[in-house]
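*Asks:* A structural model of the following input is requested.
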Amino acid sequence: MTQLDLLRQKLKGLWAKHLKSHGVIYPNGKSRELALLCLFDHYKKPINQDQISEWFAKNSDSVRYDRQARHLAADGWYIVSGNNRSTRMESSSELNRDQLMLLDIRQPNPIWLKYRKNARLMKLSQSSWTNMLKAYEERGCSVCGRHMSHYDQGHLDPLQPLTIQNCAPMCVDCNNWAQSKDVSFSVDSRTLIARPVKFGRQA
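*Replies:* Numbering: from 1, shown residues only. Coordinates of the predicted model:
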């Protein structure tokens, strides 16, 4: 058994024990798996893109690094980045902008976990207004984020009937503004944010 096989066996065991039950995806593509193994081989140590490429060259004759290791965070792996503009993973001021680090193998990426929870809540919320309000307890108004004691059933698409699938909690101000401009919204199921996508009248 090669060193790479041992590394893979250890990682898969830890994934099965700590992460699989959360829904974290073990990569099935060769390039993505090798990127994860590289980060695991440098566990809790920063590594940049060139160093990952060098690791690939040393450990694989047939697979080249596609510089996409950061996408592992979207599969639930707890990776941090030196890029503070990253939205899929936490950033660390201790890392350089082009560095990544596998921070923890026993818990999922907390940003991914929150998005996953929000997506589940969003699915549940389609069954009743009460469930919708529960889903938005942390978010607040779907448009501006303010927390209110009362929310209107804000129309997402004003050209369609107001159903549970076509509304989201909005504060009175946001709902009045949307109605006055015939605004259509699209809801991001990861963040529960309603973003304007179309204006019927000039805003």
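*Asks:* So which residues make contact with stretch 151-163?
*Replies:* By Cβ atoms under 8 Å, 6 or more residues apart in numbering, the residues outside stretch 151-163 that reach it are 129, 133, 136, 141-143, 166-172, 174-175, 178-179, 182-187, 194, 200. For glycine as for every other residue, the C-beta is placed from the backbone atoms N, C-alpha and C.
*Asks:* and the helix or strand hosting residue 130, which residues are buried?
*Replies:* According to DSSP states H and E, residue 130 maps onto helix 129-135. Residues of helix 129-135 classed as buried by neighbour count (16 or more other Cβ atoms under 10 Å): 131-132, 135.
*Asks:* Just give me the neighbour total for the nearest residue in space to residue 79 that is not next to it in sequence.
*Replies:* Spatial nearest neighbour of residue 79, chain neighbours left out: residue 73 (4.6 Å); criterion: Cβ to Cβ, 6 or more residues apart in numbering. Neighbourhood size, residue 73 [other Cβ atoms under 10 Å]: 23.
*Asks:* what packs against the helix ranked longest in the chain?
*Replies:* Of all segments of type helix in the chain, defined using DSSP state H, the longest is helix 110-125. Contacts defined by 3 or more Cβ pairs under 8 Å, 6 or more residues apart in numbering; DSSP states H and E place helix 110-125 against helix 129-135.
*Asks:* Tell me the spacing between residue 131 and residue 125.
*Replies:* 5 Å (Cβ to Cβ, to the nearest Å).
*Asks:* Tell me where this protein has helices.
*Replies:* 3-14, 30-41, 49-59, 110-125, 129-135, 172-181.
*Asks:* Among the contacts of stretch 151-163, name the buried ones.
*Replies:* 136, 141-143, 166-171, 174-175, 178, 182-185, 187, 194.
*Asks:* Which residues does the helix or strand of the chain at the bottom of the mean pLDDT ranking contact?
*Replies:* None of the helices or strands of the chain scores lower by mean pLDDT, DSSP states H and E than helix 110-125, at a mean of 84. Applying Cβ under 8 Å, 6+ apart, the contact partners of helix 110-125 are 22-23, 73-76, 78, 87-90, 131-132, 134-136, 164, 187, 189-192.
*Asks:* hmm, back to that, let me know the average pLDDT across the helix holding residue 130.
*Replies:* Per-residue pLDDT over helix 129-135 has a mean of 91.
*Asks:* Can you tell me the centre-most residue of this structure?
*Replies:* Note on the chain: the residue nearest the mean C-alpha position is residue 112, at 4.0 Å, using Cα atoms, centre = their mean.
*Asks:* So residue 128 is in contact with residue 164, correct?
*Replies:* Yes - the pair residue 128 / residue 164 is scored as a contact, 6.6 Å apart, by Cβ atoms under 8 Å.
*Asks:* Which of those two has more residues huddled nearby?
*Replies:* More crowded of residue 128 and residue 164, by other Cβ under 10 Å: residue 164, with 14 against 11.
*Asks:* Surely that one is in contact with residue 130?
*Replies:* No - with contacts counted by Cβ under 8 Å, residue 164 stays clear of residue 130, the gap being 10.2 Å.
*Asks:* Which member of the buried residues of helix 129-135 is positioned nearest residue 4?
*Replies:* residue 135 (43.5 Å; Cβ to Cβ).
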